[in-house]
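Undergrad: the sequence and its predicted three-dimensional model are supplied below.
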Amino acid sequence: MVSETFVLGGVPVRRLGYGTAQLTGPGYWGPRGPRADAVAVLRRAVERGVTLVDTADNYGPGLAEELVAEALRPYRDDLVIATKGGVVRTSDSAWHVEGRPERLREMCEASLRRLRTDRIDLYQLHRFDPEVPMAEQLGALDELRAEGKIRHVGLDSVTAGQLSEALALTSSVVSVQNRFHLLDRGSAAVLELCEAHGLGFLPWFPLGNGALTGRAAASLDTVAAARGATRGQIALAWLLHRSPVLLPTPGTGSLAHLEENLDAGALRLDAAELSLLDSLAD
């Protein structure tokens, strides 16, 4: 049986959420289209039952967080807003990791202002800074948590070793966000750790970012035809079946594509279909 919800840091969320990266332009820089369209997509996601919205300070930069506030404030009690800090953008192709404690504090406080809230439900460290001790980076987030500015901590793009080290340093971590999809299971060891510790795993690029082609496309088409679904819907359904801690947050700037993605939550795949899909990573 596929669970529709997951308890993330003590708060039940719908496992199929929404990510805001596609509300911004190429390279996650600037707007993708009219502001009103982005607001409409965000509001429709919540109308459809989404309770986990994932964003980041460097989407835009800053724009995605502003859109979340414009569309969804006042935030419903059951809505978890997750954002990220720790990466600075200077152009549509430049990403700079920044994990000094004073900079993490500045970035978190800027996110609070853009989201127009007193506390961020889930603040995710977008990357560990190799130039700053992990204990100092996590310590900065623990201080923000003690001050009530963030509720829980998440980690983005970590190895199993880094996650184990982080869990030994702090009890604030409730989630991981790594790349994971039907054809890329390189973070399987991280997923196992998340299952063992009851952490949520938000897979980025859950639809493969254009990778669902070749042999995968043929298999996906076989299952999709039997289910009256699309390739993308089958890929999302596979994630929901793969592990109860996986929390996909597919992003889109299209209302039609949003509806398609969220409809994937109702699909139930049988053992033969799952076996076929599981074999695609062999």
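TA: Sure, I can see it. Residues are numbered from 1 along each chain as shown.
Undergrad: how close does the closest residue to residue 91 other than its chain neighbours sit to residue 58?
TA: Nearest residue to residue 91, sequence neighbours excluded (CB to CB, 6 or more residues apart in numbering): residue 29, at 7.3 Å. Every C-beta, even on glycine, is put in place using the N, C-alpha and C of the backbone. Counting by CB to CB, to the nearest Å, the gap from residue 29 to residue 58 is 9 Å.
Undergrad: report the set of residues contacting both of those two.
TA: Shared contacts of residue 29 and residue 58 (CB atoms under 8 Å, 6 or more residues apart in numbering): residue 89.
Undergrad: which residues sit in contact with the residue sitting nearest the centre point of the chain?
TA: Nearest residue to the geometric centre of the chain (CA atoms, centre = their mean): residue 202, 4.4 Å. The contact partners of residue 202, taken as CB under 8 Å, 6+ apart, are 17, 54, 82, 154, 175, 176, 177, 247, 248, 249.
Undergrad: how about residue 135?
TA: Going by CB under 8 Å, 6+ apart, residue 135 touches residue 169.
Undergrad: and it, its phi and psi?
TA: Torsion angles at residue 135 (phi, psi; degrees, to the nearest 10) stand at phi -60, psi -30.
Undergrad: which pLDDT value does the model give it?
TA: We have a pLDDT of 98 for residue 135.
Undergrad: tell me how far it lies from residue 128.
TA: 11 Å.
Undergrad: now do residue 62
TA: In this view, residue 62 and residue 128 are 22 Å apart by CB to CB.
Undergrad: next one: residue 41
TA: Separation of residue 41 from residue 128 (CB to CB): 31 Å.
Undergrad: was I right about residue 73 contacting residue 114?
TA: No: using CB atoms under 8 Å, residue 73 makes no contact with residue 114, being 11.2 Å away.
Undergrad: between those two, who's got more neighbours?
TA: residue 114 (20 against 12; other CB atoms under 10 Å).
Undergrad: can you pull the contacts of that one?
TA: Residue 114 touches 57, 62, 65, 66, 69, counting by CB under 8 Å, 6+ apart.
Undergrad: I'd assumed residue 68 was in contact with the first one.
TA: Just to be clear, that refers to residue 57. No: using CB under 8 Å, residue 57 is not in contact with residue 68, being 11.3 Å away.
Undergrad: between the contacts of residue 114, which has the most around it?
TA: When neighbours are taken as other CB under 10 Å, the top entry among the contacts of residue 114 is residue 65 (28 neighbours).
Undergrad: how much space between the residue nearest to the centre of the chain and residue 263?
TA: Taking CB to CB as the measure, residue 202 falls 20 Å from residue 263.
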